[in-house]
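Asker: Predicted coordinates and the sequence they were generated for:
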Amino acid sequence: MNEKTQQILDIVKELTILELADLVKELENEFGVSAAPVAVAVGGDAGAAAAPAEDEKTEFDVELTAFDEAKKLKVIKAIKDITGVSLGEAKEIVVGAPKTVKTGVSKEEAEELKKQLEEQGATVTIK
C-alpha cells in the first residue's frame, strides 16, 4: 500500500460512524458512483435461473403399483388396450405389480393413462 493510501486509511479510521456516512455520501456525489453492494453471479450459478426450464422432465414412466382384486379383469383388459400386448402378457403385468406399463411418454399421456387405469381399479404412479 502506498503512503497516500495509508494516510487516508488512518484518517478514515478516526472518523465516527456519522462522519464516515457523510464521507461516503460525498464520495458518491463527487465521483458519480454508489457504495451499495452489487449482486454478482459467480461460477456455475450464473445460469441457475434458467436451469429448471432446461432440466424440466419431459418423459415419464407409468407404473401399475397395485389393483383392486375385484376389478382385476378390467385392469388386465385396460393394460392390454394401452400396451398392445396379448391378454396373457397383460395378466403377467397386472399380477406382477408393481410393473412399468409405459415408458418415455409425455406428461399429458402419462396423466391420461393413469386416469384410464384408475377408472378400472388400478393404482398408478407416474415417475
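Answerer: Cool, got the structure.

Asker: tally of neighbours for Leu9?
Answerer: By the other C-beta atoms under 10 Å criterion, the neighbourhood of Leu9 contains 10 residues. Just so you know, the C-beta spots here come from the backbone N, C-alpha and C atoms, and that holds for glycine as well.

Asker: ditto for Asp68
Answerer: 13.

Asker: next one: Asp61
Answerer: With other C-beta under 10 Å as criterion, Asp61 counts 14.

Asker: per-residue pLDDT, it?
Answerer: pLDDT, Asp61: 92.

Asker: can you pull the buried residues of stretch 5-22?
Answerer: By neighbour count with 16 or more other C-beta atoms under 10 Å, stretch 5-22 contains no buried residues.

Asker: Oh, that last question was meant for stretch 58-67, not what I typed.
Answerer: Across stretch 58-67, burial judged by 16+ other C-beta under 10 Å covers Phe60, Val62, Glu63, Leu64, Phe67.

Asker: and what of stretch 92-110?
Answerer: Under the neighbour-count criterion of 16+ other C-beta under 10 Å, stretch 92-110 has Ile93, Val94, Ala97, Val101, Lys102, Val105, Ala110 buried.

Asker: got the residue ranges for the strands in this structure?
Answerer: With strands called from DSSP state E, the chain shows them at 60-67, 99-105, 122-126.

Asker: and the second one, which strands flank it?
Answerer: So that's strand 99-105. strand 60-67 (antiparallel) (DSSP bridges).

Asker: Could you check how far the partner strand is from the centre of its chain?
Answerer: Counting by C-alpha atoms, centre = their mean, to the nearest Å, strand 60-67 is centred 22 Å from the centre of its parent chain.
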